[in-house]
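Student: sequence unknown, structure follows:
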């Protein structure tokens, strides 16, 4: 040991940055319960008072698919929410919500079974035998010394090859690790396989009993130049003899019209803001009073004392004249225009006149641009006359030439990102590879701030930087426990809250065709980040110390046994850290998600910035539920529970896992059904991704158990786990071949009508189930099937009505002469902006706020008992 280590206190030797003591988990429990209970009580108090926030989605719900009305009592809403059936979830929230909640239910059943065996079998084994590991929350310092002595014993040149006693001893109690590694792995595969079969059955029934334009449309890419016209594409598809073509939408280079519409939206908002600033001004009180006095004197002088006219009528006439005076005395807003050489000259001009004239000229350009013929691209949306014809097209290879005439399922019309439909393929591929490389580099670079902040939270490092603070913490045990326990997990949680927003932005600019694909991409990116930074790096290094991670990787290249030793010891050392992490995520932060604490602060900020009726109308819209923000964290907790399901303290980890997935199921079920909106449409496409990440967790669990048994010198037991890894990879291959296609396509036998007398056409259901299912009307995410029937695949920039400025409380009428057909009210699209149509608002009082009625501007104003 170096001489410099003599100055280091004994308790600092070998201490890790993010490794709180085992006794400190009780402090974390108190912190988590305090945060969670306070947020839950606040939610129960505010829920019946702020119904337009906590029941925002219910207010926009189709009354024909009525969800149960939740009572206004303090806890009465919990049993009512629990009684909401899966059929009601499907009918009101769609397949994506059903799949998301199914993952939580499957996790509850799986970990409840594991918890039973952990308590009945594994806990007595851990109590009876000392496996040389950390005891379930016990004395971590003692066990750490065991690791150090085992790996650094100077009398034993090879610490893993000591006396033969460990090998004999391993078959007395370490074989339980072998047996339960196989048992828990097979149990996980069984639950995942059973849930997959259920999801597939529900998906096939759900999509096979209805007919929408999305289900009858496929996307055709790689179209050769010689058939890039609607007529030729129609003839080509019909010559395949799979069905008749209803319509063809050939994507063209609409960059010009999309740019004009985007500019028009910006000008329209600026004009509305200028009107808002103009109408919100207060005229001069002195000039107003003088004018009123002068007018009153003139009227009194001219008035006939014997006149029989109604004085109230005169007052109303005078009030109207006064209002005109008030408007005339307001100062019109100005806008600064820059011009000349290098835009160095400027002048102020009337903002209302400037933006109105600019809007008028843009409208003329848009009308001309809508009549132009644009160059075709290699992408088209083909709508068939039946779902079966569409499914035959997407499940078949149409052209023998590679990369040409490829068929894929089409997204919903409201889900299409139209600006990416005409982007060249090489640009989209370049964006995809560039963003993938950037994310990989970011995951590595992100280690530095995480490691730096985590190391500052070590008591020993604090003593080096600020000795007085370190001495204070050593004198106060509770404060020290708070720093070592709460702050590491809080810092890791907060740092990883910021990244999903960045990854969501990167997914949106990656060039994908639909928002559903963007959502799935965000899930994949966020999971990779948190799995690598929170699990892999910590599991290898044993802490947040970045130097340890690179040192271990370097040593592993020299001696492969180093990684096995360090992996097993690190997982045990981090047991309490991950316990605190799961505890904070579940008990502490889930109630805050239910409370929508961040949304409340964002509302307050947006409310202060709101200037126009459009701004106030946007405030009352439901918040968006982003699966990419919530699903990766749940998958990480699933993997952590799986990894620690056998090790000492497994019953505590599994118990916290049950609390996490139980609370998460209720919180997300409430948000998906009542309070938050989910405009994405992926038809349950997240389930194959969930299963793939579970397989990754299984492999990590098996590798860690091998490392743990190797560290205990139980080589024979470790060798018997190796075939399990091969079996897991085989199952992943089997899953992709057998189940993955059914999560992407609709089976032809599932497309028969529900009135078919033959049950063989519906292989998954009996007659009673079929009759019950047909009574449920399907919803695509937040869009009802009836609404989608009026949609068609067309760029909204070509047909959307040109809005007038929204100045007063009521939305403006549609301009006469807008190039809109009879279905224009249902035509929708996604071009990266939500400003093409005015937000949907209720016509009742208080549903739309404005700058004129300050009493109605609160977004959570109670609009009556019919809100929920």
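Tutor: Nice, I can see it. This is a predicted model, so every value here is computed, not measured.
Student: contacts and neighbour counts: CA atoms only from here.
Tutor: Will do.
Student: before we move on, what SS does residue 383 have?
Tutor: strand (DSSP: H, G, I helix; E, B strand; the rest coil).
Student: how near is residue 582 to residue 527?
Tutor: According to CA to CA, to the nearest Å, residue 582 and residue 527 sit 16 Å apart.
Student: Please identify which of those two sits among more neighbours.
Tutor: residue 582 (26 against 23; other CA atoms under 10 Å).
Student: and that one, what element?
Tutor: helix 575-583 (DSSP states H and E).
Student: now do residue 570
Tutor: Using DSSP H and E, the element containing residue 570 is helix 561-573.
Student: ok, the closest residue to residue 471 other than its chain neighbours to residue 701 distance?
Tutor: Nearest residue to residue 471 in three dimensions, chain neighbours excluded: residue 463, at 7.2 Å (CA to CA, 6 or more residues apart in numbering). Distance of residue 463 to residue 701, given as CA to CA: 37 Å.
Student: Compare neighbour counts for these two and give me the winner.
Tutor: residue 701 (23 against 17).
Student: hmm, back to that, tell me the contacts of the residue nearest to residue 471?
Tutor: Counting by CA atoms under 8 Å, 6 or more residues apart in numbering, residue 463 touches 469-471.
Student: ok, now residue 370?
Tutor: Listed by CA under 8 Å, 6+ apart, the contact partners of residue 370 are 257, 798.
Student: do residue 33 as well
Tutor: Neighbours of residue 33 in contact, by CA under 8 Å, 6+ apart: 587-588.
Student: In a helix, it, correct?
Tutor: Yes: judged by three-state DSSP, residue 33 forms part of a helix.
Student: And it, how far from residue 74?
Tutor: Distance, residue 33 to residue 74, using CA to CA: 19 Å.
Student: before we move on, what about residue 113?
Tutor: Plainly put, residue 113 is 32 Å away from residue 74 if you go by CA to CA.
Student: pLDDT of stretch 190-206, averaged?
Tutor: The pLDDT scores in stretch 190-206 average 93.
Student: cool, and stretch 210-230?
Tutor: The model assigns stretch 210-230 a mean pLDDT of 90.
Student: pLDDT below threshold where in the stretch 451-600 of the chain?
Tutor: 451-461, 481, 484-486, 495-496, 538-568 (pLDDT under 70).
Student: any chance you could map the helices in it?
Tutor: 459-465, 467-475, 477-508, 515-530, 537-541, 546-558, 561-573, 575-583, 590-595, 597-609 (DSSP state H, counting those that start in this stretch).
Student: tell me what the longest one is packed against?
Tutor: The reference is to helix 477-508. Helices and strands touching helix 477-508, as assessed by 3 or more CA pairs under 8 Å, 6 or more residues apart in numbering; DSSP states H and E, comprise helix 25-46, helix 447-456, helix 467-475, helix 515-530, helix 575-583, helix 627-643.
Student: what packs against the helix or strand just after the last one?
Tutor: Taking DSSP H and E as the definition, the helix or strand that follows helix 627-643 towards the C-terminus is helix 650-670. With contacts defined as 3+ CA pairs under 8 Å, 6+ apart, helix 650-670 has these neighbours: helix 77-82, helix 95-117, helix 575-583, helix 590-595, helix 627-643.
Student: Point out the most buried one among these.
Tutor: Ranked by mean neighbour count, the helices and strands packed on helix 650-670 are led by helix 575-583 with a mean of 25 (mean count of other CA atoms under 10 Å).
Student: now that helix against helix 477-508, angle please.
Tutor: Helix 575-583 and helix 477-508 are oriented at 60 degrees to each other (axes from the mean of the first three to the mean of the last three CA atoms, to 10 degrees).
Student: now helix 575-583 against helix 627-643, angle please.
Tutor: Using the same axes, to 10 degrees: helix 575-583 against helix 627-643 is 140 degrees.
Student: So what angle separates the directions of helix 575-583 and helix 25-46?
Tutor: Using the same axes, to 10 degrees, the inter-axis angle of helix 575-583 relative to helix 25-46 is 0 degrees.
Student: what's the angle between the helix holding residue 582 and helix 650-670?
Tutor: 20 degrees.
Student: can you pull out the helices in the stretch 701-850 of the chain?
Tutor: In the stretch 701-850 of the chain, the segments counted as helices under DSSP H, counting those that start in this stretch are 715-738, 767-774, 785-789, 796-799.
Student: low-scoring stretches of the stretch 301-450 of the chain, by residue?
Tutor: In the stretch 301-450 of the chain (pLDDT under 70), the answer is 301-329, 450.
Student: what about the helices in it?
Tutor: 311-328, 351-370, 387-394, 425-445, 447-456.
Student: Mind listing what's buried along the helix ranked longest in the chain?
Tutor: If you go by DSSP state H, the chain has its longest helix at helix 175-208. If you call a residue buried by 16 or more other CA atoms under 10 Å, then helix 175-208 has these buried ones: 175-178, 180-182, 184-189, 192-193, 195-196, 199-208.
Student: Then stretch 247-261?
Tutor: 247-254, 257-258, 260-261.
Student: can you pick the most crowded of the contacts of residue 463?
Tutor: In these, the most neighbours by other CA under 10 Å go to residue 470, 18 neighbours.
Student: Ok, which of the helices and strands packed on helix 650-670 comes nearest residue 506?
Tutor: Nearest to residue 506, of all the helices and strands packed on helix 650-670, is helix 627-643, at 12.3 Å by CA to CA.
Student: Where does residue 218 fall, secondary structure wise?
Tutor: For residue 218, the host element (DSSP H and E) is strand 217-221.
Student: Parallel or antiparallel, which strands does that strand pair with?
Tutor: strand 376-384 (antiparallel), strand 406-409 (antiparallel) (DSSP bridges).
Student: which is the next helix or strand following it?
Tutor: Immediately after strand 217-221, counting by DSSP H and E, sits helix 230-239.
Student: quick one: low-confidence parts of the stretch 151-300 of the chain?
Tutor: Ranges of the stretch 151-300 of the chain meeting pLDDT under 70: 151-172, 282-300.
Student: Can you tell me the number of residues neighbouring residue 38?
Tutor: By other CA under 10 Å, 14 other residues sit near residue 38.
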